[in-house]
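>>> Next comes the sequence, and after it the predicted model I'd like to discuss.
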Amino acid sequence: MLLKYLWPFRKKKVKRINDIVKYSVPERVYTPVNQLAIGMYVIELDRPWLDSPFLFQGFEIKNENEIMQLKDCCNFVYIDTTRDRKRRPHKLDKTEPPIIDTNIDFGPPPPKLSRFDKEIDNAEIVHKRVDELVSDIMEHIARGEGVDTKTAKAAVAECVNSILHSPDAFLWLNQLKNKDEYTAQHSLNVCVLSIVLGRHINFSIENLNNVGLCGMMHDMGKMLVPLHILNKPGKLEPDEMVIMRSHASLGYELLKSSQDMYRGAIDSAHSHHETLDGKGYPNKLNHKQLPLFTRVVTIADMYDAITSDRVYQKGRTHLEATAIMSDLCGTQLDGNLVVKFIEALGVYPPGCVVAMTNGSIAIVVEVNELVRLRPKIIILLDQGLQPVPEKIINLADMELDEQGNLLTIRGIIKAQDYHIDIAKYYQQGVLQKGFAHSKS
């Protein structure tokens, strides 16, 4: 019974008229911490109460020290103006965090500036250089050093330029994953996927650079998590999960202290595990409080995590991942952005392995944007699952098989089920051989 009277959201009975009870309703006001004053009554923080130095949920600010504590741990709070002991001497900004319109009618993507076969060599150089840079940034963080923001921004700009020339080339390279280097590769992959989605919804070049930086920086806090937890092959214990989840707050603090870091990247590091329904972490933000770039990074982060081999799980196929993500639309993920993300990657994204209607096995090279179900492919194995000379086939040309039937993709398969190592094929020059054979 005592809790009923201590609970800060309880309604206060004020008057009874003809057996109808009227209550005063708390005026819950969004308040940036730099606008707090003594006498205000705080009822909600922008993070869980357990992550703050305050013992009780709901309290009146009594001194400047409490204001400083709030400024140290929060960006904003909510106050109940009906419980203020002392009215504020100035008008408070009651503006809520911006509500993102999830029904934005994004424009069409820009035309590709080049072809896959012309961009792949440059994309490989950029991909390797940026991959090494991300690993270097993470090593510096693990040693207690800061982030070289200028170098990171320059690396993202290179990715943006390559993706504008041919998004398929970088998406192909994203398939060359190594589970032992997951953390670094994941940051690069999320950067790339965020830029690819941004391009598809017609972001400006400036915004492509910004969202790419958000993707690259989103998981940097993991470098401050103990390695035995970060790389644990099995399920995390509850106390270990608490430590793992702290990477969002750790990343936020790290990037906040980095010189010239883009504010959106700081916010995305903090909130990429928040969900539209307010059940995410660390601050249980809801759809009204999640910026567009954070929503983009959350989708890219989830997709790459689902499709990657990890020390404790096998990666799933593109179709399995998009099915899982589609089920989470509206509760965890922005549904319109998920649709655009699937469009950006294609039904059969570059680098995925597919079974053909004639029984052969192929790898997708490049998406045909006007005929998305009929991409360019390279046949790897014939109907008897024997290797064949590499050759690019453009399914949009309505190629026929040996029986005179239209050659079509039957579905995506798992490469390991057919002992196919995509990275090995790439190192052996499967793309270069395919393009060369097609020109002969």
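Nice, I can see it. Numbers count the residues shown, from 1 in each chain.
>>> show me what contacts M325?
299, 302-303, 306, 333, 338, 341 (Cβ atoms under 8 Å, 6 or more residues apart in numbering). From N, CA and C alone the C-beta is placed, and that goes for glycine too.
>>> 6 Å instead, please
333, 338 (Cβ atoms under 6 Å, 6 or more residues apart in numbering).
>>> Residue numbering should commence at 400 henceforth.
In the new numbering, first residue 400, that becomes M724.
>>> distance of it from L736?
10 Å (Cβ to Cβ, to the nearest Å).
>>> count of neighbours near the nearest residue to L532 once chain neighbours are set aside?
Of all residues not flanking L532 in the chain, A554 sits nearest, at 5.0 Å (Cβ to Cβ, 6 or more residues apart in numbering). By the criterion of other Cβ atoms under 10 Å, A554 has 24 neighbours.
>>> where's E768, which helix or strand?
In the assignment (DSSP states H and E), E768 maps to no helix and no strand.
>>> Give me the neighbour count for it.
By other Cβ under 10 Å, 16 other residues sit near E768.
>>> Over to it: give its phi and psi.
phi -60, psi -20 (degrees, to the nearest 10).
>>> ok, it to A822 distance?
27 Å.
>>> Next: L649.
31 Å.
>>> Now do the SS call for G679.
The assignment at G679 comes out as coil when based on DSSP: H, G, I helix; E, B strand; the rest coil.
>>> Where does the nearest residue to it once chain neighbours are set aside sit, in terms of helix or strand?
Distance criterion Cβ to Cβ, 6+ apart; nearest residue to G679, sequence neighbours excluded, is E673 at 3.8 Å. E673 belongs to no helix or strand when elements are defined using DSSP H and E.
>>> which of L649 and A822 has more neighbours?
Ranked by neighbour count (other Cβ under 10 Å), L649 and A822 place L649 first, with 20 against 12.
>>> who's in contact with that one?
620, 623.
>>> May I see the buried residues of the helix or strand where it lies?
Element membership for L649, per DSSP H and E: helix 646-655. Neighbour-count burial for helix 646-655 flags 646-651, 653-654 (criterion: 16 or more other Cβ atoms under 10 Å).
>>> Tell me the bridge partners for the closest residue to M797 other than its chain neighbours.
Nearest residue to M797 in three dimensions, chain neighbours excluded: L805, at 6.3 Å (Cβ to Cβ, 6+ apart). Beta-bridge partners for L805, by DSSP bridges, are L799.
>>> Scan the chain for its longest helix.
Looking across the chain with DSSP state H, the single longest helix is helix 515-541.
>>> shaky segments in the stretch 500-649 of the chain?
Confidence mapping of the stretch 500-649 of the chain against pLDDT under 70 gives the ranges 500-504, 578-579.
>>> Do you have the strands of it handy? List them.
Assigned by DSSP state E, counting those that start in this stretch, the stretch 500-649 of the chain shows no strands.
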